[in-house]
Structures are given as structure tokens and as C-alpha cells.
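A.B. asks: Quick check, what structure comes out for this input:
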Amino acid sequence: MLITNHVLSGALVGLAAPGPVTAAAGGFASHFLLDAVPHFGVDEEDLMRIAVPDGLLGLACIGVVVATTAGPQRLRVAAGIAGACLPDMDKPGRQFFDRSPFPGWFDRFHDRIQHEAVHRWTVELSAAAAFTSAFALLVRRKR
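C.D. replies: Residues are numbered from 1 along each chain as shown. I've put the predicted structure just below:
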């Protein structure tokens, strides 16, 4: 799953959570639920061609989400995003430092649950549209 979708789903989890700790934990759990859905992916040689624009879009989404979230909910939303994105720190770790920051058992589990294929880009677009729409509706109701 692209990081942008983890950002958006983590924001939704944070918006629904009662506090920042549960938001972070829920975001973390949501990461694995999304990764277990068959989704878009590329091989290692094409990874950076997709990861860089996706990372930049994910950062832009964080900025928009935080800016549009009311003050009392902002910490929960940010915690949900952080929890949802944390498991993918293995990718920049491997790319820039030749190692994941996580133990081997964690990386093996994370790799094993993912079923990626290039032709599944519509899954990513559909998820992004659904998460964005749901967040926009919920953030308006919570104001």
C-alpha cells in the first residue's frame, strides 16, 4: 500500500480515537490491515520512481490534514498518522542504510502479508478516494 493511503487511513483512525495513544496503536494496526489487502506494488529496481512522488504526496497530505483538523483533535490525528506510517520505516532504512530498523521477525511478517502487483493501481486510487472523502466528512462533523 502506498504511504499516502497509510497517511489518510491513519488520519481517520486518529479522528475516531479517544486519545493519542489509542490513535497511534490503531494507526499501527491499520497499517497491517491495509497491507494484507492485495494492492499495487513494484519491484526493487522501480521502487524509488514510485516512492519519491508518493512520499511527497504523503507529506502534502499530512500538511493538509493537520491544517484542516480542529485543535483538540489534531494530536490524535497526528498520532494516528505516525502509527500508520511507522511500519514502513523499513523501506528508507534499507534504501539509505542497508538495514531495517526493525527485528528480522517483524520484517518477515510485514513482507509475508503483502500481495503486490503492478496492475492493482486502481486499489490505491480507490482507497485514497474513500479515505479522503471519509476524512472530509468526519472532520466537518467534528467541528
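
A.B. asks: any idea where the helices of this protein begin and end?
C.D. replies: In the chain, the segments counted as helices under DSSP state H are 3-16, 20-36, 47-68, 71-85, 90-97, 104-112, 121-142.

A.B. asks: Put together JSON lines for these, with mean neighbour count and mean pLDDT on each row.
C.D. replies: From N, CA and C alone the C-beta is placed, and that goes for glycine too. Rendered in JSON lines, the data for the helices of the chain read as follows (neighbours: other Cβ atoms under 10 Å; pLDDT from 0 to 100):
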{"stretch": "helix 3-16", "mean neighbour count": "26", "mean pLDDT": "97"}
{"stretch": "helix 20-36", "mean neighbour count": "19", "mean pLDDT": "97"}
{"stretch": "helix 47-68", "mean neighbour count": "15", "mean pLDDT": "94"}
{"stretch": "helix 71-85", "mean neighbour count": "21", "mean pLDDT": "96"}
{"stretch": "helix 90-97", "mean neighbour count": "13", "mean pLDDT": "92"}
{"stretch": "helix 104-112", "mean neighbour count": "12", "mean pLDDT": "97"}
{"stretch": "helix 121-142", "mean neighbour count": "14", "mean pLDDT": "89"}
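
A.B. asks: Geometric centre of this structure: which residue is closest?
C.D. replies: The structure's the chain has its C-alpha centroid closest to residue 6; by Cα atoms, centre = their mean the separation is 1.4 Å.

A.B. asks: In this structure that one contacts residue 84, no?
C.D. replies: Yes. With the criterion set as Cβ atoms under 8 Å, residue 6 and residue 84 qualify as a contacting pair; they are 4.4 Å apart.

A.B. asks: list the residues that contact both of the two?
C.D. replies: With contacts taken as Cβ atoms under 8 Å, 6 or more residues apart in numbering, residue 6 and residue 84 have 30, 31 as neighbours in common.
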